[in-house]
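# heads up, no residue letters with this:
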Ligand SMILES: Cc1ncc(COP(=O)(O)O)c(C=O)c1O
């Protein structure tokens, strides 16, 4: 494809995207396809002819769009907001169009330095001190793996350069709660700690880590000859947006020299507004922090910020420095390949640059405040309404609810009722909510924060929820684990 052909096709594709975005709210939220339906719409064998753009646009309309659960839909209240601001989409397009190769500073000085500046802008915008240096990882899962690898190496005094974990005198241990994201366990296992060295620390009634229980667990491990190596504190847990008390955790961890990683994947966006920052009080004492602008803030996937205080340690753990990548500028410049797992990186920071400059920081902050107020509005309705209950505090934009048609309905009967009413909403396509298990019982998470979700949509959702509980019978089956 020549640049001129690209120009013509690109204009049409942009028109297609704009039309798609403008009309997606007219369709259902949940993809109404059966497994295998999308793949059946594609040729089973690679075609040997050359397609016209029209054919591909037709394929998007016919095959792809029906197979999308519309997370940009204003009635999407599932999982978490996975916003994709169109300003950041333009940045993504610029990144792809430039086609830069990020394997060293020399291979793309602009890629490196725009990323440095964007991470620093984001640091300032969330009130972190200048002690932090940032990079962009693909996801919070990868960031957590990097954190636990660097924690492991600190705990073992760089054991990877000798016999690795099998040779460690004291087995390093990781601490988190049952409310942490599944990526924490995955990272601990992949980093070689082993399931036996992953402690699930008790949480309080608000689902936040109990620092006394943490202290006891660390002391018990130290007394048994193990090395408390890392705590993963979640600021905004996936299930209920619980806030682990970072300041107290930092204090406890300091007594053992343990690494503290703060996973604020979802809630980091809230730190753009100063009034929310007390929620991660103590963060300055942590060793690493991650959060995802690709969630609520809306800088399209994959944009996960990862900040550390000790860059030298990070680089020592991650650096390989083969001869073909060395340059005369080494020592003067940042080599982001030494800040994480991959060698090659995309020019991801353009997504942040375009998002911040074209939408403007203040409009993003206004949107965050709007979502907080909308969530509060819904939480108040739930609290007031007979038969409804909030099953967890609502510090941000996620509301966890149950409906009990009669006070004595409990156990599996309550589960059936919960799954029935949420299924009634989800299958209809009118809105989408996520059922989830809390304390062994199903509840429903309402995650407010899609860019196009206004108060009127939240009002419509509340009407639909009340309508659903009136209509359902106990017809849902409880899914297996
Ligand atoms: C608290 C928390 N941590 C980590 C993750 C994983 O995020 P990612 O998809 O960026 O790996 C999530 C995703 O929902 C999350 O809520």
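Yep, it's here. The shown structure was predicted, so the numbers you read here are calculated from the model rather than taken from an experiment. Residues are numbered from 1 along each chain as shown.

# where does the stretch 201-350 of the chain come near the ligand, residue by residue?
When proximity is defined as Cβ under 6 Å from any ligand atom, the stretch 201-350 of the chain approaches the ligand at 234, 236, 237, 238, 263, 265, 266, 292, 304. Heads up, the C-betas are built off the backbone N, CA and C, glycines and all.

# from those, which two are the most distant?
Greatest spacing in those, by Cβ to Cβ: 237 and 304 (17.0 Å).

# circling back: the residues of the stretch 201-350 of the chain next to the ligand in helices, which ones?
In helices, judged by DSSP state H, none of these are found.

# Including distance to residue 392 and neighbour count, could these go into TSV?
Output for these, formatted as TSV (distance: Cβ to Cβ, whole Å; neighbours: other Cβ atoms under 10 Å):
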residue	distance to residue 392	neighbour count
234	14	29
236	12	30
237	9	25
238	12	22
263	18	31
265	18	28
266	14	27
292	21	26
304	25	25
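
# and the residues you listed, which of them are in strands?
234, 263, 304 (DSSP state E).

# what pairs with the second one across the strands?
So that's residue 263. Residues in a beta bridge with residue 263, per DSSP bridges, are residue 234, residue 290.

# residue contacts, it?
140, 143, 144, 180, 181, 184, 232, 233, 234, 235, 290 (Cβ atoms under 8 Å, 6 or more residues apart in numbering).

# And the first one, what's its pLDDT?
The one in question is residue 140. Note on residue 140: pLDDT of 97.

# Skipping its backbone neighbours, what lies nearest it in space?
residue 265 (3.8 Å; Cβ to Cβ, 6 or more residues apart in numbering).

# quick one, what contacts the one you found?
By Cβ under 8 Å, 6+ apart, the neighbours of residue 265 are 140, 181, 236, 290, 291, 292, 295, 304.

# quick revisit: name the nearest of the residues of the stretch 201-350 of the chain next to the ligand relative to residue 194.
Here the nearest of these to residue 194, counting by Cβ to Cβ, is residue 263; it sits at 20.4 Å.

# State the distance from that closest one to residue 182.
12 Å (Cβ to Cβ, to the nearest Å).

# Likewise for residue 260?
Going from residue 260 to residue 182 by Cβ to Cβ gives 20 Å.

# between those two, who's got more neighbours?
residue 260 (26 against 9; other Cβ atoms under 10 Å).

# For the more buried one, give me the backbone phi and psi.
Dihedral angles of residue 260 (phi, psi; degrees, to the nearest 10) stand at phi -120, psi 120.

# If you drop the residues flanking it in sequence, what lies closest to it?
Sequence neighbours aside, residue 286 is the residue nearest to residue 260 in space, at 4.2 Å (criterion: Cβ to Cβ, 6+ apart).

# wouldn't residue 243 be in contact with residue 204 here?
No. Assessed by Cβ atoms under 8 Å, residue 243 is found out of contact with residue 204, at 10.6 Å.

# Give the residues shared as contacts by those two.
By Cβ under 8 Å, 6+ apart, no residue touches both residue 243 and residue 204.

# Compare these two and say which one has the larger neighbour count.
Taking other Cβ under 10 Å, residue 243 and residue 204 do not tie; residue 243 has more neighbours (24 against 15).

# Looking at the residues of the stretch 201-350 of the chain next to the ligand, which is nearest residue 468?
Closest approach to residue 468 among those (Cβ to Cβ): residue 238, at 23.7 Å.

# Could you report the pLDDT at the residue nearest to the closest one when sequence neighbours are not counted?
Closest residue to residue 238 apart from its sequence neighbours, by Cβ to Cβ, 6+ apart: residue 181 at 4.9 Å. We have a pLDDT of 97 for residue 181.

# Now for residue 181: which residues touch it?
Residue 181 sits in contact with 140, 141, 144, 234, 237, 238, 263, 265, where contact means Cβ under 8 Å, 6+ apart.

# for it, phi and psi?
Backbone torsions of residue 181, given as degrees, to the nearest 10, read phi -60, psi 150.

# now the one 4 residues further on
When read as degrees, to the nearest 10, the backbone of residue 185 gives phi -60, psi -40.

# And residue 330, how far from the ligand?
Using Cβ to the nearest ligand atom, to the nearest Å, residue 330 is found at 31 Å from the ligand.

# That residue: how many residues sit nearby?
Counted with other Cβ under 10 Å, residues neighbouring residue 330 total 13.

# got it, and residue 312?
Residue 312 has 8 neighbouring residues, counting by other Cβ under 10 Å.

# quick one: buried residues of whichever strand or helix holds it?
Using DSSP states H and E, residue 312 sits in helix 311-318. Burial within helix 311-318, assessed by neighbour count using 16 or more other Cβ atoms under 10 Å, is assigned to 313, 314, 315, 316, 317, 318.

# Figure out how far the helix or strand following that helix is from the centre of its chain.
Downstream of helix 311-318, the first helix or strand assigned by DSSP H and E is helix 349-354. Relative to the centre of its chain, helix 349-354 is centred 18 Å away, using Cα atoms, centre = their mean, to the nearest Å.

# Check stretch 92-100 too.
Relative to the centre of its chain, stretch 92-100 is centred 23 Å away, using Cα atoms, centre = their mean.

# Would you mind checking the average pLDDT for it?
97.

# Next: stretch 244-262.
Taken as a whole, stretch 244-262 has an average pLDDT of 98.

# from the stretch 301-450 of the chain, which residue is nearest to the ligand?
Residue of the stretch 301-450 of the chain nearest the ligand, by Cβ to the nearest ligand atom: residue 304 (5.1 Å).

# which residues touch that residue?
By Cβ under 8 Å, 6+ apart, the residues touching residue 304 are 136-140, 142-143, 265, 290-294.

# do the same with residue 447
Per Cβ under 8 Å, 6+ apart, neighbours of residue 447: 77, 78, 79, 80, 81, 397, 398, 434.

# Sheet partners, orientation included, of whichever strand or helix holds the last one?
Going back to what we said before, that points to residue 434. Using DSSP H and E, residue 434 sits in strand 432-438. Counting by DSSP bridges, the strands paired with strand 432-438 are strand 76-77 (parallel), strand 441-447 (antiparallel).
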